[in-house]
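> fold the following and give me the result.
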Amino acid sequence: MILKAWTDQRVEIMIGNLLRAGVIISAVVVFLGGVVFLARHGTAPADYRIFRGEPADLRYVKQIVLRAASFSGRGIIQLGLLMLIATPVARVIFSIFGFAEEGDRMYIVFASIVLAVLLFSLIGSGF
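Now for the predicted structure:
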């Protein structure tokens, strides 16, 4: 079996496909969560006088996954949004792998710094 060489063009195509798939999958998950939410709560009257943020159990990854697993509409929507946030993080991780395969040390360092900043901002926000 002959493996294809890791070229800049091949890595760019793979990253483009990764981003496209991540956005499409997260959009489908959010849409399905919206359908579930509307099926259960679509006839409830809306009260726009008071802003109500997300419940506390939808602010952390573990609770979001648990709510989505219990087929909660809000939980599924939040899971789709988490997937959307994870898409550029996955892109940076894949870029590091691609640069390593190409042997491009300088870009490995740059992409690692970007990944560290992304992870620090997500962890620092109480994610």
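
> the protein: helices as residue ranges?
For the chain, helices defined by DSSP state H occupy the ranges 8-41, 61-69, 73-102, 105-124.

> what's the most buried one of those helices?
Counting by mean count of other C-beta atoms under 10 Å, helix 73-102 has the highest mean neighbour count of the helices of the chain, with a mean of 18. Bear in mind the C-beta positions are built from the backbone N, C-alpha and C, glycine included.

> for the helices of the chain, give me TSV that also has distance to Tyr48 and mean pLDDT.
Below are the helices of the chain laid out as TSV (distance: least, C-beta to C-beta, whole Å; pLDDT from 0 to 100):
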stretch	distance to Tyr48	mean pLDDT
helix 8-41	15	92
helix 61-69	24	91
helix 73-102	18	92
helix 105-124	31	91
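
> tell me which of those helices sits nearest to Glu54.
Glu54 lies closest to helix 73-102 among the helices of the chain, at 7.2 Å (C-beta to C-beta).

> tell me the angle of the closest one relative to helix 61-69?
Helix 73-102 runs at 120 degrees relative to helix 61-69, counting by axes from the mean of the first three to the mean of the last three C-alpha atoms, to 10 degrees.

> give the other helices and strands that helix 73-102 contacts.
Of the remaining helices and strands, those touching helix 73-102 by 3 or more C-beta pairs under 8 Å, 6 or more residues apart in numbering; DSSP states H and E are helix 8-41, helix 61-69, helix 105-124.

> can you redo those as a markdown table with distance to Ile85?
Converted to a markdown table, the helices and strands packed on helix 73-102 look like this (distance: least, C-beta to C-beta, whole Å):
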| stretch | distance to Ile85 |
| --- | --- |
| helix 8-41 | 9 |
| helix 61-69 | 10 |
| helix 105-124 | 8 |
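
> nearest to Ser95, out of the ones you listed?
Here helix 105-124 is closest among the helices and strands packed on helix 73-102 (C-beta to C-beta), at 4.7 Å.
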